[in-house]
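Enquirer: Give me the fold of what follows.
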Amino acid sequence: MAARFIPYTRDVEDDDPRFDHNLQTVIDKTKSFIAGSVTAGGTGRAVRDAHAKGYGLVRGQVEILAGLASEYAQGIYATPGVHDALIRFSNGSPHAGADARLGSATGLALKIFGIDGPTLLEDEPDTGTFDYATINAPIFFCNTVEHYLFIQDLFLNARAYFSQGRPGAHRFFAEFVTGKGTLDQDDWAWDEFLAFLRLARIPPVNVLLSSYWTMGAVRHGDYIAKVRITPDPHFADAVVRRAIDPASAPEVFRPALLAELRERPYAFDIQVQLCTDLERMPVEDTTVEWPEQLSPFVTVARLRLPRQDISGQDNLEKMDALSFTPWRVTAEHAPLGNIMRARKEVYRQSSIERHKLNQQPRTEPRSADEVLDPAHHRDSAGGE
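Expert: This is a model prediction of the structure:
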C-alpha cells in the first residue's frame, strides 16, 4: 500500500503566546554578540552569530529534474530546468579561528538564481533567488524560542566554559539540561541535550562528503517535508582528501575543499522526504529524526559543482558579503515550526547588523556572475 502523505494545513504548527517577546530577546542578544565580535572575534570584522567561519564560496548549477511524481513536483520543483547557484560551506560555530577550536558541525548554504515568484521576505520580495540553510545533521538541539534563550547564551560563551577543562564542561552540560536553572525538573531539556551530544560526535570529514539537512520541516507545496542535500556516490567515491584532522594544522577544511574543486567536478542530490505521520515525524520537535522507513528521501534536483579555483582572498570577501536565510523562498516552501519561524527575523536582523558594522552594501545579487567571475570555471558544471 502506498504511503499517505500528510497534507499541509496551518494547524500543523503550534502557537506560542510568548513567541514575540522571547524572539525580541533573542534578536537583542544576537545583535549584541555581532557588535562585540568586531573586537572579540579576532578578525576585526563583525561575524555571523552562527556559521561565522566560511570555508569557501562555490559556483554551481541546480538541475530540477523532469518526470517527478506529482507529490514531489511541487513549488519550484514543478518546473524542470537548470539554474545557476552559489554555495557557502561553513563551520557551525559562532566563532572564527583555528578549525580545531570550532568543532565539526558544518553547513551548506545554497542560493539558487532565476526562481520566479515573490519570496517570503517582505523587504526583498522580488529577488529571483531561493535559499537553503542546511547543516550536516538531520536534527537540531532546540525546539522553542524559550529554550533558545538559554541555549544561545551557552553557545555564545562556550569557549569560556570549555577553556576551564572538565569543571567548565560539566557546568556547561548542567546549565544546558536545566536551562541555567530556569526549568522545572520535569521539563529539563534532555531531548535537546541528547541531540547536542549527537551533533558533537559527528566525525570531521571533507565538507564535500557530508549530507546536509534543513533540520526543521518545510512546506513542499501541498505537503510537509524535510530537505536533504547529499553527495552523489559516484562523485563522493572520487574524493581524495576524505578524513580531516583538525589538530594537524590551523586550517584543514578549506584547503581540502580547495584542492578537490581544483582537480575534479562534484555533485550533490537535492532530496525531499515527505511527512506520512505527524506523531513519528513531528513538525515542532527538531530533535526527532524522521524515519526513512516511513518515507524515503526522493531526489528532486541535482546540484553540480564545476572544477574551479576558489583560493583567492576575494572569494572569502565575496562570501562574507552574502546573506543566506531559510525564509528567502516562495510560499510553497515556507519553513514550519516555531524554531524555524524564529529564524526569519533573527537572520534578517543579523544580516542587517553585520553589513552595517562592516560597511558592506546589503544587496541580493541577481546572478552568480555578479558575485564570482565566470572565468574561474575550469569546465562545464558538474561535467565528468
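Enquirer: quick one: low-confidence ranges for the stretch 1-150 of the chain?
Expert: Scanning the stretch 1-150 of the chain for pLDDT under 70 picks out the ranges 1-3, 41.
Enquirer: Which residue ranges of it form helices?
Expert: Taking DSSP state H, counting those that start in this stretch as the criterion, the stretch 1-150 of the chain carries its helices at 19-40, 145-156.
Enquirer: Out of the ones you listed, the one nearest residue 82 is which?
Expert: Across the helices of the stretch 1-150 of the chain, the minimum distance to residue 82, taken as CB to CB, is reached by helix 19-40, at 36.1 Å. To be clear about C-beta, it is placed using only N, CA and C from the backbone, and glycine gets the same treatment.
Enquirer: Against which helices or strands is the closest one packed?
Expert: The contact analysis (3 or more CB pairs under 8 Å, 6 or more residues apart in numbering; DSSP states H and E) places helix 19-40 against helix 145-156, helix 338-357.
Enquirer: What are the buried residues along the first one?
Expert: When burial is assessed from 16 or more other CB atoms under 10 Å, helix 145-156 yields the following buried residues: 145-152, 154-156.
Enquirer: again with the longest one
Expert: Burial within helix 338-357, assessed by neighbour count using 16+ other CB under 10 Å, is assigned to 338-351, 353-355, 357.
Enquirer: which of the helices and strands packed on helix 19-40 has the lowest average pLDDT?
Expert: If the helices and strands packed on helix 19-40 are sorted by mean pLDDT, helix 145-156 sits at the bottom with a mean of 88.
Enquirer: May I have it as PDB, with CA atoms only?
Expert: The C-alpha coordinates for helix 145-156 follow below in PDB (Å, rounded to 0.1, in the frame of the first residue of the first chain):
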ATOM      1  CA  VAL A 145      12.400  30.100  21.300                       C
ATOM      2  CA  GLU A 146      12.100  29.900  25.100                       C
ATOM      3  CA  HIS A 147      14.800  27.200  25.100                       C
ATOM      4  CA  TYR A 148      16.900  29.100  22.500                       C
ATOM      5  CA  LEU A 149      17.200  32.000  25.000                       C
ATOM      6  CA  PHE A 150      19.500  29.900  27.300                       C
ATOM      7  CA  ILE A 151      21.000  27.700  24.600                       C
ATOM      8  CA  GLN A 152      22.100  30.800  22.700                       C
ATOM      9  CA  ASP A 153      23.800  32.200  25.800                       C
ATOM     10  CA  LEU A 154      25.600  28.900  26.300                       C
ATOM     11  CA  PHE A 155      26.900  28.700  22.800                       C
ATOM     12  CA  LEU A 156      28.000  32.300  22.500                       C
END
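Enquirer: Next secondary structure after it?
Expert: Next helix or strand after helix 145-156 toward the C-terminus (DSSP states H and E): helix 158-162.
Enquirer: so after that next one, what's the next helix or strand?
Expert: Downstream of helix 158-162 (by DSSP H and E), the next one is helix 165-178.
Enquirer: in that following helix, what counts as buried?
Expert: Residues of helix 165-178 classed as buried: 172, 175-178 (neighbour count, 16+ other CB under 10 Å).
Enquirer: for stretch 256-273, same thing?
Expert: Using 16+ other CB under 10 Å as the test for burial, stretch 256-273 gives 256-258, 260-261, 264-273.
Enquirer: quick one: terminal-to-terminal distance for that stretch?
Expert: 30 Å (CA to CA, to the nearest Å).
Enquirer: on that earlier part again, narrow the buried residues of stretch 256-273 to those in strands?
Expert: Within the buried residues of stretch 256-273, residues falling in strands by DSSP state E are 266-273.
Enquirer: now the residues you listed as CSV including distance to residue 38 and pLDDT?
Expert: Compiled in CSV, those are given as follows (distance: CB to CB, whole Å; pLDDT from 0 to 100):
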residue, distance to residue 38, pLDDT
266, 35, 98
267, 38, 98
268, 34, 98
269, 39, 98
270, 36, 98
271, 39, 98
272, 40, 98
273, 40, 98
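Enquirer: Alright, calling it a day.
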